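Student: one predicted model, sequence on top.
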Protein chains: 2
Amino acid sequence: MYELHFAVPMAGAIICTFNSRLDAAMVSVLLEHSRAKILFVDYQLLEVARTALDLLCKRTSSKLPILVLIADSEHGSEFDSNIDTTSVSYDYEYEMLVANGEAGFEIVRPKSELDPISVNYTSGTTSRPKGVVFSHRGAYLNSLATVLLFQMDQFPVYLWTVPMFHCNGWCLPWGVAAQFGTNICLRKVRPKDIFDKVTNHKVTHLGGAPTVLNMIVNSASIDRKPIDHKVIVVSGGAPPPPQILANMEELGFTVSQLYGLTETYGPSTSCVWKPEWDLLAPQERSRMKVRQGIPHVCLDEIDIKDPETMESVPNDGKTIGEVMFRGNTIMSGYLRDLKATKEAFKDGWFHSGDLGVKHQDGYIEIKDRLKDIIISGGENISSVEVETVLYSHPAVLEAAVVARPDNHWGQTPCAFVKLKEGYDDIVAEEMIKFCRDHMPHYMAPKTVIFQDIPKTSTGKIQKYVLREKAKTLGSIS
Amino acid sequence: MYELHFAVPMAGAIICTFNSRLDAAMVSVLLEHSRAKILFVDYQLLEVARTALDLLCKRTSSKLPILVLIADSEHGSEFDSNIDTTSVSYDYEYEMLVANGEAGFEIVRPKSELDPISVNYTSGTTSRPKGVVFSHRGAYLNSLATVLLFQMDQFPVYLWTVPMFHCNGWCLPWGVAAQFGTNICLRKVRPKDIFDKVTNHKVTHLGGAPTVLNMIVNSASIDRKPIDHKVIVVSGGAPPPPQILANMEELGFTVSQLYGLTETYGPSTSCVWKPEWDLLAPQERSRMKVRQGIPHVCLDEIDIKDPETMESVPNDGKTIGEVMFRGNTIMSGYLRDLKATKEAFKDGWFHSGDLGVKHQDGYIEIKDRLKDIIISGGENISSVEVETVLYSHPAVLEAAVVARPDNHWGQTPCAFVKLKEGYDDIVAEEMIKFCRDHMPHYMAPKTVIFQDIPKTSTGKIQKYVLREKAKTLGSIS
């Protein structure tokens, strides 16, 4: 996939990477929607791809994509000696195809730098994936910005703990190359592998979705290794709880918080660390670290606005508005979805759907997803703030809070919690009391359910699944 | 000047910085040619500016530029308590003008990113200055590239040893700001000040024209201070002799070699240091360091071509051709000089006038300026190579080699040498013998003249002055 991030655009084509956890039905839908001409597939997923093509064949009379198998004969077998690709048909094997390529092939350059370079299907916190289109211009600008945001010196060593299919790896396939870097890939993301790769390959940077951070801080001590060089962990996605950030620092990682969406080519803002913050107490520092910060130098503008009036909110750290963007590193639009594109760009700004505040120094802080906010008795409750308190309880491994419909209050907070091993005796009442002791009572969850937390393959919590479940519970009042 | 690098473009205007060593006559010529509307001038140069405006007034009936005095009342007096600005008339004082500015002024953005942001008059190794036009697009791309080339992390501390008026400080006013940096300025560049500022302000980066490097390595030991943190010295302009690079390393500086021209927005290539080169012997490492290397990531293409046939030279490290560029970070053209612009862009490539070779790994190395090459008996002699040998002689402080016309050979190498203190007894014959012992005889200078070396205010040796002098000597043969 790394090679194809260069080869496909250089061939004048558009790269569209699929989530490796999709099933054959969804793959066939996305093949049809994207109108892909060639499908490159890792041997582990050959059967899914073949089935998807067979499904597609039944639905359409158009020519099917060419199927190219990436056999990974060098590294693949250690994981899956039992996968047999010989019984499934395909058109070419990748390494053979490359070996037989034209040596004198001339790079096909885009006619305009606004031509598309990639399509990224959003990974499914909502049920209907949309194809986010990147342009060459946006991609090279965000690649440069990413290098600066990651503080990547020349010759970085990047460990791919965040999948490369997700948002073109935040433009890092191109950014790492621009700095002459080395890429370390993993077939499976496990704590032991992370520590092994970091120490053996002197990894300088890795991406950490909050769940990756969670995995690291909760790893068994036998899987850990002491880190004796600087490792920058760049965390994106949902804001990580302060406690997890503090634990990461104790393990020797330097955590840096970025914020962005697939629609913003990945990272758009970073919490640039002010030297004077070094003097703050550890807990205060953690509170600063979770801020999303300021836009990178290649982004035109970010603002927090009232989506009704389009007025900017004041820099008071309190007034909540919607985070909005404009500039070169904002998507060209959603592929073949004019309605969604128009909606996203209403009033000339890209509407992120995230809610946040602006602090006095201009740093922004995300409070919640627009659709994750809980409105109880007319008060807005940030699900993120409730989760932050839950994470500070020693028994909590993972937590997610959603709205539960309520006849009296409209909605009440409902917490889904996964407990750490050895804490099975904790009951809901205890957790609710802990919350009431640490936040205004109206914000404390009225319901706590202990269970596994459903997540996407990129580690994002699937709140819509939990929201559906909370709905089925009915009203408390 | 730093503030104006932002204020002027944000006002929708074009910044045109003049060399501070220009006399009133030249300033009046450039004011007329550039059609400047406002002239900001440091108090030290107020009289020159006033005289220039008076000269301009006699020549033209157009409205004169508004004259704004930068009084620098905070720092200026320690240098020049004798300069009296009260007797010279001007329109505004800078700080007052700023204090009275419109607080609600809205940034005037360029209509097109290809609109000009600056005009840079080339600093005069030739006699007729040309106005190099930068666009907003080129400037932001080269600013980002410069940050990467300088390996500037967040919060750099940059010491301005190379004047900011020169080529807009290689785009560093913008680049340093993009990384939240601190700028340290000097009214005079003296070795003691360099060591003081580097240690007191923990300078992380400074620019070093070869003459700045020379000044540092030949500084009195009383002026020096031990350097105990990493200081990257980025050297541009003419290739520095390997001996000077080695001495800089001994003093604790990390020297990095960049190459570019005003026409390429400053830095265009860098000698990216390959980790395996750390294993080379010190002299070999110095030889690698003087290579100009590979283009930065924002430059489309650099090549070395035969200017007659426009064929690329082979990657053999030997065949000499002209260095040519194309891409976004190449000037828009010379202001009001279509002829010079067309000539510079002949055959669709910007012709640098520099001669170089391509090594097997694609790294380029400049051998000489096209007009500095000496052709003796049909053989090309690189003046830089002869100078490199001269610099390896312990008595030599500075050296410059040019062609002396010759009836028999066409041209012969003529060396101008400035000796270090205490070496006044060295004679020309000894220097010539030293050269013949260290290079092919045909390359050794036939003439050696001991004198001060004339330089521009940016430290470039004025070879055209020396060439004129060599001409007056007549033929040896």
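Tutor: Sure, I can see it.
Student: give the rounded mean pLDDT of stretch A:443-463.
Tutor: Average pLDDT, stretch A:443-463: 88.
Student: between the two ends of that stretch, how far is it?
Tutor: 18 Å (CA to CA, to the nearest Å).
Student: list the buried ones in it?
Tutor: Within stretch A:443-463, the residues that count as buried by 16 or more other CB atoms under 10 Å in any protein chain shown are A:443-449, A:453, A:455-456, A:458-463. (Each C-beta comes from the backbone N, C-alpha and C, glycine too.)
Student: show me what from the stretch 201-350 of chain A comes close to chain B.
Tutor: Residues of the stretch 201-350 of chain A lying close to chain B by CB under 8 Å from any CB of the partner chain are A:272, A:273, A:275, A:297, A:298.
Student: just curious, which of the residues you listed is nearest to residue B:8?
Tutor: residue A:297 (19.3 Å; CB to CB).
Student: quick check: residue A:225 touching residue A:194?
Tutor: No: the criterion here is CB atoms under 8 Å, and residue A:225 misses it with residue A:194 at 9.5 Å.
Student: comparing those two, which residue is more hemmed in?
Tutor: With neighbours defined as other CB atoms under 10 Å in any protein chain shown, residue A:225 and residue A:194 compare such that residue A:194 has more, 25 against 14.
Student: what secondary structure does that one sit in?
Tutor: helix (DSSP: H, G, I helix; E, B strand; the rest coil).
Student: so who does it touch?
Tutor: The neighbours of residue A:194, taking CB atoms under 8 Å, 6 or more residues apart in numbering or on different chains as the test, are A:159, A:161, A:186, A:206, A:212, A:215, A:216.
Student: mind showing which ranges of the stretch 351-477 of chain A have poor pLDDT?
Tutor: Applying pLDDT under 70 to the stretch 351-477 of chain A flags the ranges A:458.
Student: quick check: bridge partners of the closest residue in space to residue A:453 that isn't next to it in sequence?
Tutor: Residue nearest to residue A:453 in three dimensions, not counting chain neighbours: residue A:398, with 4.7 Å by CB to CB, 6 or more residues apart in numbering or on different chains. On the basis of DSSP bridges, residue A:398 is bridged to residue A:418.
Student: thought residue A:398 was touching residue A:390?
Tutor: No: contact criterion CB under 8 Å: residue A:398 and residue A:390 do not qualify, at 9.1 Å.
Student: flag the shaky bits of chain A, pLDDT-wise.
Tutor: Applying pLDDT under 70 to chain A flags the ranges A:75-82, A:123-128, A:237-239, A:458.
Student: domain map for it?
Tutor: As recorded under automatic domain parsing, the domains making up chain A are A:1-107, A:110-370, A:373-473.
Student: now the ones you listed in JSON lines, with distance to residue B:432?
Tutor: JSON lines is the format used below for these (distance: least, CB to CB, whole Å):
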{"stretch": "domain A:1-107", "distance to residue B:432": "51"}
{"stretch": "domain A:110-370", "distance to residue B:432": "43"}
{"stretch": "domain A:373-473", "distance to residue B:432": "71"}
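Student: common neighbours of residue A:398 and residue A:390, please.
Tutor: Residues touching both residue A:398 and residue A:390 by CB under 8 Å, 6+ apart: residue A:417.
Student: now the strands for the stretch 301-450 of chain A?
Tutor: A:301-305, A:321-326, A:333-334, A:350-358, A:364-369, A:374-376, A:379-381, A:396-406, A:410-419, A:447-450 (DSSP state E, counting those that start in this stretch).
Student: quick one: the helices in the stretch 1-150 of chain A?
Tutor: Under the criterion DSSP state H, counting those that start in this stretch, the stretch 1-150 of chain A carries helices at the ranges A:4-10, A:24-34, A:46-59, A:94-99, A:136-149.
Student: list the contacts of the third one.
Tutor: In this case it means helix A:46-59. In contact with helix A:46-59 (CB under 8 Å, 6+ apart) are residues A:22-25, A:27-28, A:31-32, A:39, A:41, A:64-65, A:67, A:69, A:85, A:88-90.
Student: of these, grab the buried ones for PyMOL.
Tutor: Buried residues among those (16+ other CB under 10 Å), as a PyMOL selection:
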select buried, chain A and resi 22+24+27+28+31+39+41+64+65+67+69+85+88+90
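Student: could you pull out the strands for the stretch 51-200 of chain A?
Tutor: A:66-70, A:92-93, A:116-121, A:131-135, A:157-160, A:182-185.
Student: so which of the ones you listed is nearest chain B?
Tutor: strand A:182-185 (10.8 Å; CB to the nearest CB).
Student: same for the closest one, what does it pack against?
Tutor: With contacts taken as 3 or more CB pairs under 8 Å, 6 or more residues apart in numbering or on different chains; DSSP states H and E, strand A:182-185 sits against strand A:157-160, helix A:172-178.
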